[in-house]
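*Asks:* here's my sequence, what's the structure:
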Amino acid sequence: MPISEMLLPEFDQEMAMTRRALERVDDAAMHWKPQERSMSLAELTGHLAEVPGWVSKIMGLPEIDLMPKDGPQYEPFVPKTYLDVLNRFDKNVEEARAAMQAAKDEAYLEQWTLKAAGKEVFSLPRVAVLRTMVLNHQIHHRGQLTVYYRLLGIPVPALYGPSADEGSMG
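*Replies:* Here you go, the predicted structure:
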């Protein structure tokens, strides 16, 4: 079985759950943050919308430098509305899925490197980068988003099972 056929069902499931969570973003709370060092709701949801967009770069380039000395620095997407979030997320998921589906096993097994200011942060096979820096990273920040929702009084969606707001816990 090709690697893409093993990864895509998990990718589809995780992206569907993330979209379900993003659909609850409240425009009125976009600048809210739980404490000063935290991201705002806009920054967090913008990050969740961006993460799938990394897939085409991971699959198409041998490395990325987030802070190149001679080029533009990474600029995070900070949406103004929940529709900005959903539109960017949907576009990135569609492009990511196409890149994953088109890739051959050899591409998944090639080393990929993340750099910052020319220094290697890590170098792993692309398949491992997709699991850690896309899927696991998405799950981590989606968990943060559900905490924000709880603190804001926004119903937390059922994701891996019922939530206290959707269905019973027992």
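
*Asks:* ok, now which ones touch T132?
*Replies:* The contact partners of T132, taken as CB atoms under 8 Å, 6 or more residues apart in numbering, are L124. All C-beta spots, glycine's among them, are computed from the backbone N, C-alpha and C.

*Asks:* got it, and T113?
*Replies:* 62-64, 120-123 are the contacts of T113 under CB under 8 Å, 6+ apart.

*Asks:* which among these end up buried?
*Replies:* Buried by 16 or more other CB atoms under 10 Å: I64, out of the contacts of T113.

*Asks:* could I get the contacts of T113 as TSV with secondary structure, pLDDT and distance to I139?
*Replies:* Output for the contacts of T113, formatted as TSV (DSSP: H, G, I helix; E, B strand; the rest coil; pLDDT from 0 to 100; distance: CB to CB, whole Å):
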residue	secondary structure	pLDDT	distance to I139
P62	coil	97	26
E63	strand	96	24
I64	strand	93	21
E120	strand	96	25
V121	strand	96	20
F122	strand	96	19
S123	strand	97	23
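
*Asks:* so which of the contacts of T113 is the closest to H47?
*Replies:* I64 (16.0 Å; CB to CB).

*Asks:* wasn't N87 part of a helix?
*Replies:* Yes. Membership of N87 in a helix is supported by DSSP: H, G, I helix; E, B strand; the rest coil.

*Asks:* now do it against T45, distance only.
*Replies:* For N87, the distance to T45 (CB to CB, to the nearest Å) stands at 12 Å.

*Asks:* between the two, who's got more neighbours?
*Replies:* A direct count of neighbours by other CB atoms under 10 Å for N87 and T45 places T45 higher, at 29 against 13.

*Asks:* most centrally placed residue in this protein?
*Replies:* V51 (3.0 Å; CA atoms, centre = their mean).

*Asks:* surely that one and N136 touch.
*Replies:* No. The pair V51 / N136 is not scored as a contact, 10.2 Å apart, by CB atoms under 8 Å.
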